[in-house]
Structures are given as C-alpha cells and as structure tokens.
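Enquirer: Sequence first, then the predicted structure:
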Amino acid sequence: MTPNIAWAGSSLPRVTYFRASCVLVLALIWLLPIVLLVLGSFESPERVRRHPGEIWPDDFSGANYQALFSSDYPMWLWNSAIVAIVGTLVALGAGIPLGFAAGYHNDRVATLLIRILLLVYLLPPIFLVFPILSLAVTLGGRGSAAVVGYLSGSLALPVCAWILKSQFALVPKQLFETAELDGLAMPRRLLHVIAPSAARGVVAAGMFALIIAWGEYVFSIALLPRADDYTISTGIPHFLQGDIWAWDLLLPAIVIAALPPVAGGILATTFLARLLRLSPPDDHA
Amino acid sequence: MNLRTRGWQRWRVPILSLPAVVLFVTTVALPLLTLVFMAFTDKQLGGEASFVGLRNFSILLKDVGFWRSLWTTCVFAASASIMKVAGAYGLAIGLDRMGQVGRGLATWLLVPWLIPGSAAALAWLWLFYEPGGVLSGLTAGILDPTWTPNWLGSGSLALYVLIALSVWRELPFWAVVFLAARGRIPRQLIEEYRILDGSLTRQERELMLPLLRPTILISAALMIMWSMGEFQSVHLLTRGGPARSTQTIAYYAYEVGFGGGIDLSLAVAAVLAVLPVSALLVVPLLELGLSKSREDQRIR
C-alpha cells in the first residue's frame, strides 16, 4: 500500500516525521559554526588566544566583549550604521516611487525598467569597483561612508523595487478611489490609504537594503582606506594582523556584526514569506 | 478631470521613475562606460589617460596568471552552483514536506546568508585555521589525533573550503527561493496528481520539476554570475594562495589594480575580458528560464 503522503498544512504521517527529523539534524549541523562561534566568544581572552580551537568555554566570561568596546570597534560600527542608513534610505527613496508606478499603476514602462535593473545588477560589484574608484578620485567622494551607502543602496534597488511592486499591486484600488471621491487630497490619500497597505512591503524592502548595506565590503575596501573610516566588514579583519592574532576580539566582533542583519532578516522574511507566497495558497486566502 | 490631474497622469511614470534612473546612471551606467573606456587606455588613479588600443588585452592574453585565474573561477562557479542547485532543491522538498515547521525552520537556516560576508569568511578562518583551529580540534577529538590537514595551506583543499563556504552561505537562501516557487504551484494540481499516482519520486520528477524548471534555471544563472565575481571570501581566507591556486578572476583584478603592480587599466581589462565568458555561461540559462516561464504562463 502506498503511504499516505501529506503535504503542507495537513497531518504528518510517520515517513514524513522521519524526513523532518533528517532535515532538523541537517539544520543543526548547518548552524553549528554559528553556535560554536557564539560559545567561543565567551571564552576567556588568554585561553582563546592560546587555543583558538577549544570551543567549550571553561568559564563563561564577557571580558572579550568589554575589550572589544575599548578598541576601535564602536567607530567601525558607527561607520557601518551610516552606510546602512544611507543605503536603506537611497534604496527606498528610489524603490518606493518605482514600485508604486509598476505595482499600483501597473505601468509597463516602470515594470520594464525594474526588469532591466534586475538584469544589469546581475553584474557582481567587483566589476564596477575600479571605474567607481577612478571616478571617486577624480570627482571626490573617497573616504565618505555616505558615498559607500549611496552605492550600496543602488545595489539593493532592483530587489527592493521588485518587492515593493508586488506589495503595491495588492493595494485595493477602490479604497483609493473612494478616498478621492470623499475629497481627500493626494498627500492625505497616500498617507492614509496607500502607506498602511504598503507598510509590509516597505519594511521587507528596507530590511533587505539594510542587510546589503550593513555587510558591504567591496566598495568599502576601495573607497574607505583610512583606519578611521573602516566599517565593521573592513575593520574586523585587522584583528588578525601581527604576530599574535586577536581571536578574543574577533569572535565577539563577528557576533555583534551579525546581530542587526540576523534580527532584521528574520523580521523581513516573516513579511517576505507572505509576499513570495511562501505559505501554501490556502493559507492566505 | 482637471488640468493638474491630467498633467500628473501624463508625467507620473517619468516622475516616479526619475530617482531610480538617476541612481542607475550615476552608479552603474556611468561606471560601466568608464570601465569600457579605461580598458583601452593606460589610466591610473588620479592620472591622465592615453589611448593604448588593445595593449592591455594583449598583456592579459600572454599572462599565465590570468588564464589560471579564469580556470579557477570557472571551477569555483561551476562546482558551487551545481552543489547549491542540487542541495537547495533537496532542502526545499524536505522543508515543504514539513509544512509550517519547515517554513519556520527555513527562516533560521537563512542565518548564514544574513551574516555579513566578511564575518562569515572570518568565522570560517577560525574553523579552518592551522595550527589549532576548531576543526582540527574536533577531528583530533573525534577521529584521529594525528590527522591534521592543512585546510587553507594546501591548494586543492583551500579551493574546497572556499566552495564549501559559498555553499554554506547561499544554499539555504536558494532553498527558500525554491520553497517559495513550490508554494506557488496550485495545491489542487498536486492533490490530483497524488490521487492518480501516489509515488513521491514520480510526482517530483514528472510534476514538480518541470513546473519549477524556470525558477531553477534563472536561479542557476544568478548563482553562476555571482560566483564569477567572488572576491570577499578569497581576500579574507586565502588571499588567492597557496601558490595562486585559489585566485579567482576578481581577486586577480584586485591584485593587479591594488597590489604590487598597481595597474588600474589592466585590472579593468581583466574584468572586462571575463564578461563574455560569464555571459556565455549565464545568458543561455536565463533565456531558457525566461522562455519556459512565459510558456508556462501561456499554458495556465
């Protein structure tokens, strides 16, 4: 007899429980490096420097985190925050109007523009870094975290516009037209009708842009060469210089650098799951 | 309709698209034009440029390092992409069959992709560092205390580590993309197929795989393209070594542009030269994926 195979949403038979267990075990192995890293970051500084491979801390200590914040790390965090904030604002500033035109007004030209952007931005950023560096030296802009943010925002633009297009397409047109008939002015219609309906997409797109900008590396390494201008991505490798590598600073630095994008990403995927129809069709009827 | 509304109707698309167009022109179109221009000059940082014709390309074609980097990049991109497609597809099936739990788990599996690339690469350096890295500690404890391979110090092993890092970071992301594509397949269709033929393998092969082909092809094209530009992990984990065995074309260009020689125009030429190779690999996949997608939409 064929086993009763259940799909998403229905009760799970025994064979599926077995497969589910396999996936769970695989997931635990997959995430093991991260678990080890977090554990290692609480190791005492002397021990982690001498034996970086000892993964279970003898006694949990926050000394590495304290030492990290007495280093240049807070400055790198600040620079990364500038890049991330500027990048997010740029991506949303350009993505919201474009997504609105393509999604809400169902405009062909705007949709075509998003498709062209998606295709052109397939180009890995390293391909653009040399001409951008040359332009930055000629026109100015080298050493500015805001310029790196602007470039990061540009990298996130196509996906942000696509997410926003999908969200704006879901905004009910009748609601907007009724508000117009009721005499509500355009800015108030945008604020009271469109904005609440599109909030989910804006959050998801914003989180995506933030993740891209926070982890930006290629442009930072080319355009922010001075130690004062390092972002976390370009700064933390400097803990591994000289004769003694500062693993005790590196491990907590990685943990802290990972926190904002992980938190934001989990939040965004909750929203994105619905936009991408990650839930089965029945769930969001 | 008043004059103001009519004006808005007419100009709304250009107005709404303007910020994106400005961003695109300043950060992509202009640099791309500069890239092409620089490849045919002897332009250096802050200096004047003179036209040198095909000299940069001629230098590159004679450079063994360039060809070796191109080969390493192709090996890296092909191996990593094949593993990502196969693994992500398998994982998506597993997660799909777990229902709500699977979808929740998918979010957590995204963590390696969410971590900044440099942080992930340095975490792997901590794992594979020799002597005394975490992995050698684990293998010594569990397997053989005398077995301590030099992961990042041996050419072929170092490339495997880079491929593994790329797969570790991106596989869950692509699994989520495939899972989303599975969610778009009408459940009724799956149920009908199940009633006709309960075999899961057949169902996967004859129903799901053909329907997911456009997503898989487009994703594979993206994976290859992004792998062709792999720089960060090479820069942080191996610096192209040992003996240039892990030098991808992006790292080669970086070395030429910022390393000992500092020849920016040559670096640009290297990057430009690799574009046709990338296009050769990616465009057919994209075309096939997009045409399949259009075909499916017509059938539906």
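Expert: Everything's here; your move. As the structure is a computational prediction, the values presented were derived from the model and not from experiment.
Enquirer: Excluding chain neighbours, what is closest to the residue of the stretch 151-285 of chain A found nearest chain B?
Expert: When distances are taken as Cβ to the nearest Cβ, the stretch 151-285 of chain A reaches nearest to chain B at A:G215, 3.2 Å away. Any C-beta I mention is one placed from the backbone N, CA and C, and that applies to glycine too. In this structure, A:G215 finds its nearest non-sequential neighbour in B:P116, 3.2 Å apart by Cβ to Cβ, 6 or more residues apart in numbering or on different chains.
Enquirer: quick one, what contacts that neighbour?
Expert: A:W214, A:G215, A:Y217, A:I232, A:S233, A:A257, A:A258, A:P261 (Cβ atoms under 8 Å, 6 or more residues apart in numbering or on different chains).
Enquirer: hang on, isn't A:H238 packed against A:Y230?
Expert: Yes - using Cβ atoms under 8 Å, A:H238 is in contact with A:Y230, at 7.3 Å.
Enquirer: Looking at the two, which has the bigger crowd around it?
Expert: For the pair A:H238 and A:Y230, the greater number of neighbours falls to A:Y230 (23 against 16), based on other Cβ atoms under 10 Å in any protein chain shown.
Enquirer: Quick check: closest non-adjacent residue to the more buried one.
Expert: By the measure of Cβ to Cβ, 6+ apart, the closest residue to A:Y230 outside its immediate chain neighbours is A:W76, 5.0 Å from it.
Enquirer: Can you name the secondary structure element that comes next after the helix or strand that the one you found is a member of?
Expert: Taking DSSP states H and E as the definition, A:W76 sits inside helix A:73-99. Per DSSP H and E, the first helix or strand lying C-terminal to helix A:73-99 is helix A:108-120.
Enquirer: Mind giving me the packing neighbours of that following helix?
Expert: On a contact count with 3 or more Cβ pairs under 8 Å, 6 or more residues apart in numbering or on different chains; DSSP states H and E, helix A:108-120 meets helix A:73-99, helix A:145-169, helix B:3-24.
Enquirer: Buried residues in the longest one, which are they?
Expert: Applying a neighbour-count criterion of 16 or more other Cβ atoms under 10 Å in any protein chain shown, the buried positions in helix A:73-99 are A:73, A:75-77, A:79-92, A:94-99.
Enquirer: returning to that earlier point: wait, which of the helices and strands packed on helix A:108-120 is closest to B:Q247?
Expert: helix A:145-169 (24.4 Å; Cβ to Cβ).
Enquirer: what's the average pLDDT for the closest one?
Expert: The pLDDT scores in helix A:145-169 average 91.
Enquirer: now swap in stretch B:195-202 and tell me
Expert: What stretch B:195-202 shows for mean pLDDT is 76.
Enquirer: can you check stretch A:111-123 too?
Expert: Mean pLDDT, taken over the full extent of stretch A:111-123, equals 82.
Enquirer: buried residues in it?
Expert: Using 16+ other Cβ under 10 Å as the test for burial, stretch A:111-123 gives A:T111, A:L113, A:I114, A:L117, A:Y121, A:L122, A:L123.
Enquirer: now stretch B:136-151
Expert: Buried-residue list, stretch B:136-151, by 16+ other Cβ under 10 Å: B:S136, B:G137, B:T148, B:W151.
Enquirer: Equivalent analysis for stretch B:193-211, please.
Expert: Going by neighbour count (16+ other Cβ under 10 Å), the buried part of stretch B:193-211 is B:Y193, B:R194, B:L200, B:Q203, B:L207, B:M208, B:L211.
Enquirer: Okay, and which of the residues you listed map to strands?
Expert: Assigned to strands by DSSP state E, none of those qualify.
Enquirer: need the residues you listed in TSV with distance to chain A, can you?
Expert: TSV is the format used below for the buried residues of stretch B:193-211 (distance: Cβ to the nearest Cβ, whole Å):
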residue	distance to chain A
B:Y193	11
B:R194	7
B:L200	6
B:Q203	8
B:L207	12
B:M208	11
B:L211	14
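Enquirer: Including distance to A:I244, could those residues go into JSON lines?
Expert: Converted to JSON lines, the buried residues of stretch B:193-211 look like this (distance: Cβ to Cβ, whole Å):
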{"residue": "B:Y193", "distance to A:I244": "62"}
{"residue": "B:R194", "distance to A:I244": "61"}
{"residue": "B:L200", "distance to A:I244": "55"}
{"residue": "B:Q203", "distance to A:I244": "58"}
{"residue": "B:L207", "distance to A:I244": "59"}
{"residue": "B:M208", "distance to A:I244": "54"}
{"residue": "B:L211", "distance to A:I244": "56"}
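Enquirer: I appreciate the help and will end here.
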